[in-house]
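Chemist: any chance you can model this:
(chains A and B)
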Amino acid sequence: MVASDRPLTAPLTTAVQRYGQRVSIDHSASDMTCLVVAPEDLVALCTHLRDDPALRFDFLSDICGVDIFPQTPRFMLVYHLFSVPHKWRLRLKCRLGDPPNAPTVIPVWPTANWHEREAYDMYGITFDGHPDLRRIYMWDGFDGYPMRRDFPLRGYKDDYNPLGVTRPSEAGE
Amino acid sequence: MTEATVISEVSTDTGLSREVLLNLGPQHPSTHGVLRLLLQMDGEIVERIEPHIGLLHRGTEKLFESFTYTQIFPLTDRLDYLCPPANNLGYALAVEGLLGIKAPERAQYIRVMMAELSRISGHLLITGALPMDVGAMTSLLYTMRDREMVMDLMEMITGVRMHTSFCRVGGVREDLPEGAEARILEFCDIFTARISDYETLLENNRIFLARVENIGNITGEDAIALGLSGPNLRASGVDWDIRRDEPYEIYGQVEFDVITRKDGDCYDRWKCRVDEMRESLKIIRQCIGQMPKGDILIDDPKIAFPVDKDLLAHSMETHIHHFKLSADGIQVPAGEFYAATEAPKGELGYYLISDGGEKPFRLKVRAPSFVNLQALCERTTNIKYLADVIAMLGSLDPVMGEVDK
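Modeler: Numbers count the residues shown, from 1 in each chain, chains lettered A, B, ... in the order given. I've put the predicted structure just below:
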């Protein structure tokens, strides 16, 4: 990966300094530069990263939800950005509490629409301002969020899934 | 918004309404697998397109978390099931990135050659299927005939035609069999002439051109905003190819052109793929010519099984490592890595988070078809009629195994 060994360039450092302590650099990532941002600053930072002519992160590759149960804050959103003009990559991390809630980045990158629906479907992360937030893989009546770490691999027991695990609430009754 | 509320939006009060809700798929041949499109129509004019996906969802990412790193290869085969070697490669690079290793050079050449063969296999399908979607049946028969040759090569090299699982962490499963290079070169010679046949067949076909030219145009700016990648993006004039711009494996050592087009319409997306197959042949020929002799798997008993199986009968240490590797799998150091490769459908990204164990803590797939399909429902494209939806969908070339995961 060419992007992996690129240093944090001056314009990115300037962008980080604008937000004081609220945006920090994650030094644990070895493959590309990684910033950690609070949900309140997410949209503003993303807009800056896209519009600054020296940065031009115009391509949102992916949004990944992560559940770090039982740690707190429990959830994390990971954004992978790419700059088509400059040909380099950047990762953003945004930690979320439980229940997880984040602002939508669709106004910055329209492609975020389905990525955010996926994160909602799999982890139950709600995105404020999303125009059409609903499940994308599972059916509307599906109960629970299957990619959460406490969701059993075989699903919960019901009429259609006799081999599933009994729900904790039902087991206690 | 549930399906019920969508349907209730259409007025049927008078019985004279021209508005219709049309379900296209999931069994319709032009929906390229199990895709269901909900179309809101005003007569023949499409007002809104709403893709419903999830019919093929197999919980791949959930399964990743309970499989060892080697056991995951067969799961990656089933994403873009037309091009398994390309899917294997991206995943192997993510794990190798965290392990800090590289496959031996011969293995890298074999991987790239297989990935390019699979690119041809994938592109052949759309080269024939898009014309079929818009009414020209013959081309699909020709492309399927030629795709059989690729399938035969896959069978000869890997033992299976579809789900090859040929990559391993640190290399490939086996070396090329006797005579494989000659057979691959023979295929290259035959296929070079046949690509021109497709162009002759379709570029003089007025009906085909009328159905795809100036339909579904996407500007370069919109394509980037929509997250399109691969041929779908390059057809809109954006000159970006991960093989050239962030070279992985031996892509930096082979010469090829990045194909771009200007208009970003259905025809350009089709043509882009036809031309890309020529470049793939160029890469395959160079791989065969440059491929050195040597190892095909890294020599590290904690990562790879021994290539020389005789060692198992004579060395107790090899036996122990083999047992440990079979039972526990590979221990990958804690950390994270995003490996992006230029798969046939676009940027295929594997984001791997490891907690230091023998199973991924989280493995997210950035599947290009998932993102590309989203462009269908955005009104930045100039789709007007129902017939245009079919052409647009075919030209985006989604594979539902990758869309639904």
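
Chemist: for chain A, which spans come out with low pLDDT?
Modeler: A:1-9, A:171-173 (pLDDT under 70).

Chemist: hmm, 90 instead?
Modeler: A:1-35, A:41, A:48, A:52-56, A:69-72, A:86-88, A:97-98, A:132, A:138-144, A:150-173 (pLDDT under 90).

Chemist: please enumerate the strands of the chain.
Modeler: Went with chain A since none was named. When assigned using DSSP state E, the strands of chain A occupy the ranges A:23-25, A:33-37, A:59-67, A:75-83, A:88-96, A:101-103, A:126-128.

Chemist: my question was about chain B, not that one.
Modeler: Assigned by DSSP E, chain B shows strands spanning B:19-24, B:36-42, B:45-52, B:167-168, B:171-172, B:335-343, B:346-354, B:362-366.

Chemist: just put those strands in JSON lines and tack on mean pLDDT.
Modeler: Output for the strands of chain B, formatted as JSON lines (pLDDT from 0 to 100):
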{"stretch": "strand B:19-24", "mean pLDDT": "84"}
{"stretch": "strand B:36-42", "mean pLDDT": "86"}
{"stretch": "strand B:45-52", "mean pLDDT": "86"}
{"stretch": "strand B:167-168", "mean pLDDT": "92"}
{"stretch": "strand B:171-172", "mean pLDDT": "92"}
{"stretch": "strand B:335-343", "mean pLDDT": "93"}
{"stretch": "strand B:346-354", "mean pLDDT": "94"}
{"stretch": "strand B:362-366", "mean pLDDT": "94"}
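
Chemist: out of those, nearest to B:Val403?
Modeler: Ranking the strands of chain B by proximity to B:Val403 (C-beta to C-beta) places strand B:45-52 first, at 8.5 Å. The way it works is simple: take the backbone N, C-alpha and C, and place the C-beta from them, glycine included.

Chemist: the residue of the stretch 101-250 of chain B at minimum distance from chain A: what's its closest spatial neighbour, skipping adjacent residues?
Modeler: Shortest the stretch 101-250 of chain B-to-chain A distance, computed as C-beta to the nearest C-beta: residue-wise this is B:Gly227, at 3.0 Å. Excluding the flanking residues, the one nearest B:Gly227 by C-beta to C-beta, 6 or more residues apart in numbering or on different chains is A:Thr111, at 3.0 Å.

Chemist: follow-up on the earlier one: of all the strands of chain A, which one comes closest to chain B?
Modeler: Once those are compared by C-beta to the nearest C-beta, strand A:59-67 is nearest, at 3.9 Å.

Chemist: hmm, that closest one in reach of chain B?
Modeler: Yes. Residues of strand A:59-67 contacting chain B under C-beta under 8 Å from any C-beta of the partner chain: A:Phe59, A:Leu60, A:Ser61, A:Asp62, A:Cys64, A:Val66.

Chemist: now list the buried members of these.
Modeler: The neighbour-count test (16 or more other C-beta atoms under 10 Å in any protein chain shown) marks A:Phe59, A:Leu60, A:Ser61, A:Asp62, A:Cys64, A:Val66 as buried among the residues of strand A:59-67 next to chain B.

Chemist: farthest pair within those residues?
Modeler: Among those, A:Phe59 and A:Val66 lie farthest apart (C-beta to C-beta), at 21.3 Å.

Chemist: residue in chain A with the shortest distance to chain B?
Modeler: A:Thr111 (3.0 Å).

Chemist: quick check, that residue in contact with B:Leu226.
Modeler: Yes. The pair A:Thr111 / B:Leu226 is scored as a contact, 5.3 Å apart, by C-beta atoms under 8 Å.

Chemist: which neighbours do these two have in common?
Modeler: Residues touching both A:Thr111 and B:Leu226 (C-beta atoms under 8 Å, 6 or more residues apart in numbering or on different chains) are B:Val371, B:Gln374.

Chemist: coming back round to it: wait, what's in contact with the residue of chain A closest to chain B?
Modeler: With the criterion set at C-beta under 8 Å, 6+ apart, A:Thr111 makes contact with A:Leu60, B:Ala225, B:Leu226, B:Gly227, B:Val371, B:Gln374.
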